[in-house]
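In: Pasting a predicted model and its sequence here:
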Amino acid sequence: MAMNLAQRTSDTSTGSRYGSEAVTNSIRVRVVPAFIEAHSSPVDRKFAFAYRIRITNEGSRRVRLASRRWLIIDGYGRREEVEGNGVIGQNPVLDPGETFEYASHCVLRCEWGTMEGAYRFVPEGAEAFDAEIARFYLVAQPPTESAFNA
């Protein structure tokens, strides 16, 4: 049974308040997104975002991350589904209490969108299950006031 803790966070230490966190079958998935202004070009309708994922096995069994599934929706309602094996070329194995962290990115054609999905985990001696990646928000930061005074 999934316990959804998805919410906009106020994690100011990372500079993001648009992340999410969810726990499914003792697997905690926390996401912290960020806008990458240096790799974005509003004129070309290219908005780059990075996101850091932290996966923690809070259960009592070893698990292996087998695959991922993403649903990406931009501010215009365009949907893209992405599926694949593992993450960043790996199928991490997490013993009880272990954490795996990685970073990735996404490029949208507008200033904001959302991502959500699931990781398929295979625990030792049990059936595979999907751990929720709760919806998080990709939001290009508005220009600062000084940008209008230039």
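Out: That came through fine.

In: Give the bridge partners for the spatially most central residue of the chain, please.
Out: The centroid of the chain falls nearest to residue 31 when counting by CA atoms, centre = their mean (4.5 Å). Here residue 31 sits in beta bridges with residue 20, residue 53, as judged by DSSP bridges.

In: Does it touch residue 132 like I think?
Out: No - Residue 31 is beyond contact range of residue 132, at 10.9 Å (criterion: CB atoms under 8 Å). Heads up, the C-betas are built off the backbone N, CA and C, glycines and all.

In: Do you have the strands of the chain handy? List them.
Out: 2-4, 20-24, 27-35, 47-57, 63-74, 79-85, 93-94, 99-108, 112-123, 129-139 (DSSP state E).

In: could you give the mean pLDDT of stretch 58-68?
Out: For stretch 58-68, mean pLDDT is 98.

In: end to end, how far does that stretch reach?
Out: By CA to CA, to the nearest Å, the extent of stretch 58-68 from end to end equals 19 Å.

In: Compare the mean pLDDT across the strands of the chain and name the weakest.
Out: strand 2-4 (a mean of 33).

In: Please name the nearest non-neighbouring residue to residue 116.
Out: With sequence-adjacent residues excluded and distances taken as CB to CB, 6 or more residues apart in numbering, residue 116 is closest to residue 135, at 4.0 Å.

In: Oops, could you answer that again for residue 55 instead?
Out: residue 100 (4.9 Å).

In: For burial, what's the neighbour tally of that neighbour?
Out: Residue 100: 15 surrounding residues under other CB atoms under 10 Å.

In: Then residue 75?
Out: With other CB under 10 Å as criterion, residue 75 counts 16.

In: surely it meets residue 111?
Out: Yes - using CB under 8 Å, residue 75 is in contact with residue 111, at 6.3 Å.

In: still on that earlier bit, check contacts around the residue nearest to the centre of the chain.
Out: Taking CB atoms under 8 Å, 6 or more residues apart in numbering as the contact definition, residue 31 lies against 19-21, 51-54, 115, 133-134, 136.

In: Against residue 125, how distant is it?
Out: To residue 125, residue 31 is 29 Å away according to CB to CB, to the nearest Å.

In: Return the residues in contact with the residue nearest to residue 55.
Out: Per CB under 8 Å, 6+ apart, neighbours of residue 100: 54-55, 65, 92, 94.
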